[in-house]
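Student: sequence unknown, structure follows:
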């Protein structure tokens, strides 16, 4: 043992003191979980966790994920006590205040020691599954010398209740991710009260049924905690450790009740805690001997890191490993040469097929990509010849069969991206982006390069009907900050979308792709999609109207423009594959592309809400503000007015007023 067991109690009490004092100062927060899990966390950090506060991004560190993000003071206390540069004690004093990195829930871009942004319950655990997949994959690629670490998760009752938990643990058990260990804060309390109010399921049995090993321990008995964690490390399966704890441990009058879950303890109870624990230090002060014990744990990691750096320096794959972990793309992504071939012979294919073709070129030369699909591989066209399956005991593949687990897939991809060394992409139908939505939001919030391949993007999918036909989805995704949404019009725009998605390492992308074939509208190699929107066709007569379209409707806009020109009405056609990239362009470009005083028309097979931004209040929006219907695609486009015969008269009516 690295420390005398008698010293663990004071170390754990330092977590309790910091947590209760910070929540009290903020008059907001959740002291119960950090106080209840302080003993487990102390054993984990002192006996098992591989980390070095001086190098928070050391690639072979263990990942520590606080899935129960409401208990953020547990993480902030641990980071400060072990010697990370941030949070400082002033940061902790300002817990939950503007400008402090100690946000109400951990945010990965605020603190280097926060592996991921958590708070939406269950997603931390689900992201940890992705981290564990990335670890095993990179281990298969680079060996034990460079990649050999574990992923540890602290999860609460709420995390285990959430639906995404079922998806995540099923995938982890199936893949036998034995480096994944979940520490369940089994305190039998939720916000409403005892867990008996809402659940009676046998959670350990559920985990065993999913292929997990399960251990139990007294979460306040150090030797028992150590025994359970040792058994977890020795298991050949992912492990759930049920840590029976008392929420708010140390608060004599409130511990074990839901009253300590999400509210400050109050001055009187804090005084009682200090007396019960024998903690005499003032708020936000840690006795020197206790802090020294904590800091010694952080210093211990420096030796392990130095050994690893020595191995890296002599490894023949060091340059490639470092490139991947830095998130840098290879010099050649395969796209430029592929686009040259498309321009020579532009194909008429569905954009989902065009995506598959682009992926074929990319995955052949970018080994970082790990793909997958939520049981729709043949429909999403996400698998290529270069991507063999990831399977239990065979982690060198680059394609994950996620099963019907859209939310779990999206969360796992976030974990892979956060781990580093891989670039994840995964597919489902666009309408099922609703199942993924909260994970997509976390992709954006965490600034992670995750690519969502969302096919069957409109009524163009046909007979499956309104349950599967997205109408509001593209616009709702455009409303999400820091998310790139692409709706390409042909094979060239699709290839450009892939290139742009890969180049933007600070944000996720959604590719909205058609089921039906799309005629080519481009035969050049200029990266026009990089500006978000561009003039595809210039008016032949004096410009009187600008038609703005996306995806499958760009071809229709060109047909409408041709008819208008035949009647002497000059019409530009603007293809707008990405609103977000267009918004990044300067005012001059906007004014040139969408000039003031010219009638503007949007054409998109989705809701019209939002198009006023581009066509103005006096413009014309062609779209679908209702649900779709079940019929062949051609019939549906005619029924909903997506034909030149239906649109051109509406445009001409404007000029005849």
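Tutor: That came through fine. Please read all numbers here as calculations on a predicted model, not as lab measurements.
Student: end to end, how far does stretch 268-284 reach?
Tutor: This stretch, stretch 268-284, spans 17 Å end to end (Cα to Cα, to the nearest Å).
Student: make 58 the starting number, not 1.
Tutor: Fine by me, first position is 58 from now on; the one you just mentioned is stretch 325-341.
Student: now do it, average pLDDT.
Tutor: Averaged over stretch 325-341, pLDDT sits at 98.
Student: could you list the low-confidence segments of this structure?
Tutor: Scanning the chain with the threshold set as pLDDT under 70 gives 58-60, 714.
Student: try it again with 50
Tutor: 58-60 (pLDDT under 50).
Student: moving C-terminal from the lengthiest helix in it, which element do we reach first?
Tutor: In the chain, with assignment by DSSP state H, the single longest helix is helix 345-371. Using DSSP states H and E, the helix or strand that follows helix 345-371 towards the C-terminus is helix 375-382.
Student: what about the helices in the stretch 208-357 of the chain?
Tutor: 214-218, 220-232, 260-266, 279-291, 324-334, 345-371 (DSSP state H, counting those that start in this stretch).
Student: quick check: buried residues in the longest helix of the chain?
Tutor: Buried positions in helix 345-371, judged by neighbour count with 16 or more other Cβ atoms under 10 Å: 347, 348, 350, 351, 354, 355, 358, 362, 365, 369. (Glycine included, C-beta is placed from N, CA and C.)
Student: any idea how far residue 149 is from the residue nearest to the second one when sequence neighbours are not counted?
Tutor: By that I understand residue 348. Ranked by Cβ to Cβ, 6 or more residues apart in numbering and with sequence neighbours excluded, the top spatial neighbour of residue 348 is residue 138, at 6.8 Å. Going from residue 138 to residue 149 by Cβ to Cβ, to the nearest Å gives 10 Å.
Student: in this structure residue 404 contacts residue 411, no?
Tutor: Yes - Residue 404 is in contact with residue 411 according to Cβ atoms under 8 Å; the separation is 7.5 Å.
Student: overlap in contacts of the two?
Tutor: The contact sets of residue 404 and residue 411 overlap at residue 548 (Cβ atoms under 8 Å, 6 or more residues apart in numbering).
Student: pick out whichever of the two has more residues nearby.
Tutor: Each of residue 404 and residue 411 has its neighbours counted (other Cβ atoms under 10 Å); residue 411 has more, 29 against 16.
Student: which residues touch that one?
Tutor: By Cβ under 8 Å, 6+ apart, the contact set of residue 411 is 404, 545, 547, 548, 551, 552, 570, 575.
Student: check residue 187 too.
Tutor: Residues near residue 187 by Cβ under 8 Å, 6+ apart: 468, 469, 470, 471, 472, 473, 474, 475, 476, 481.
Student: that one sits in which helix or strand?
Tutor: helix 180-199.
Student: now the angle from that helix to helix 345-371?
Tutor: 40 degrees (axes from the mean of the first three to the mean of the last three Cα atoms, to 10 degrees).
Student: in helix 180-199, what's buried?
Tutor: Taking 16+ other Cβ under 10 Å as the criterion, helix 180-199 shows 180-196, 198-199 as buried.
Student: what about residue 64, how many neighbours?
Tutor: 16.
Student: what's the host helix or strand of it packed up against?
Tutor: According to DSSP H and E, residue 64 maps onto helix 62-83. The contact analysis (3 or more Cβ pairs under 8 Å, 6 or more residues apart in numbering; DSSP states H and E) places helix 62-83 against helix 89-100, helix 129-139, helix 146-150, helix 279-291, helix 324-334, helix 345-371.
Student: rerun at 7 Å
Tutor: Helix 62-83 is packed against helix 89-100, helix 129-139, helix 146-150, helix 324-334, helix 345-371, with contacts defined by 3 or more Cβ pairs under 7 Å, 6 or more residues apart in numbering; DSSP states H and E.
Student: among those, which is nearest residue 696?
Tutor: Nearest of the helices and strands packed on helix 62-83 to residue 696, taken as Cβ to Cβ: helix 129-139 at 51.9 Å.
Student: neighbours of residue 568, just the number please.
Tutor: When neighbours are defined as other Cβ under 10 Å, residue 568 has 28 of them.
Student: follow-up on the earlier one: redo the buried residues of helix 345-371 as CSV? Include distance to residue 166.
Tutor: CSV is the format used below for the buried residues of helix 345-371 (distance: Cβ to Cβ, whole Å):
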residue, distance to residue 166
347, 30
348, 27
350, 30
351, 25
354, 25
355, 22
358, 23
362, 23
365, 25
369, 26
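Student: check contacts around residue 72.
Tutor: For residue 72, the contact set (Cβ atoms under 7 Å, 6 or more residues apart in numbering) comprises 91, 95, 98, 131, 134.
Student: looking at the helices and strands packed on helix 62-83, spot the one closest to residue 711.
Tutor: Of all those, the one in closest proximity to residue 711, counting by Cβ to Cβ, is helix 129-139 (55.4 Å).
Student: not counting that closest one itself, show me its contacts.
Tutor: 71-72, 75-76, 79-80, 86, 88, 90-91, 94, 98, 102, 110, 123, 144, 146, 149, 152, 159, 161-163, 168, 170-171, 348, 351-352, 354-355.
Student: now with 6 Å?
Tutor: For helix 129-139, the surrounding residues in contact (Cβ atoms under 6 Å, 6 or more residues apart in numbering) are 72, 75-76, 79, 91, 94, 110, 123, 144, 149, 159, 162-163, 170, 351, 354-355.
Student: assign residue 427 to helix, strand or coil.
Tutor: Following DSSP: H, G, I helix; E, B strand; the rest coil, residue 427 is assigned to strand.
Student: thought it was touching residue 480?
Tutor: No - applying Cβ atoms under 6 Å as the test, residue 427 and residue 480 come out as separate, 7.2 Å apart.
Student: can you tell me what sits against stretch 113-120?
Tutor: Residues from elsewhere that reach stretch 113-120 (Cβ under 6 Å, 6+ apart): 106-109, 169-170, 172, 188, 206-208, 362, 365, 382.
Student: and of the residues you listed, the nearest to residue 526?
Tutor: residue 188 (35.2 Å).
Student: and the closest one, how close does it get to residue 478?
Tutor: Counting by Cβ to Cβ, the gap from residue 188 to residue 478 is 11 Å.
Student: re earlier: could the contacts of residue 72 go into TSV alongside neighbour count and distance to residue 449?
Tutor: Below are the contacts of residue 72 laid out as TSV (neighbours: other Cβ atoms under 10 Å; distance: Cβ to Cβ, whole Å):
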residue	neighbour count	distance to residue 449
91	33	35
95	29	35
98	26	30
131	29	32
134	26	37
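Student: nearest to residue 678 among these?
Tutor: The closest of those, once distances to residue 678 are taken by Cβ to Cβ, is residue 131, at 49.8 Å.
Student: can you get me a residue count around residue 537?
Tutor: When neighbours are counted by other Cβ under 10 Å, residue 537 comes out with 17.
Student: can you count the residues close to the nearest residue to it once chain neighbours are set aside?
Tutor: Take residue 537 and drop its neighbours on the chain: the residue closest to it by Cβ to Cβ, 6+ apart is residue 501, 5.7 Å away. Neighbours of residue 501 under the rule other Cβ under 10 Å: 18.
Student: the inter-axis angle of the helix or strand containing residue 501 versus helix 220-232?
Tutor: Residue 501 belongs to helix 490-502 when elements are defined using DSSP H and E. Taking the same axes, to 10 degrees, one finds helix 490-502 and helix 220-232 inclined to each other by 90 degrees.
Student: now the element after helix 490-502, going C-ward?
Tutor: strand 508-512.
Student: returning to what we had before: residues of the helix holding residue 64 that come out buried?
Tutor: Of the residues in helix 62-83, 64-83 count as buried by neighbour count, 16+ other Cβ under 10 Å.
Student: what of stretch 695-710?
Tutor: Buried, per 16+ other Cβ under 10 Å, within stretch 695-710: 697, 699, 701, 704, 705, 708.
Student: how about stretch 536-552: buried residues?
Tutor: So stretch 536-552, judged by 16+ other Cβ under 10 Å, has buried residues 537, 539-552.
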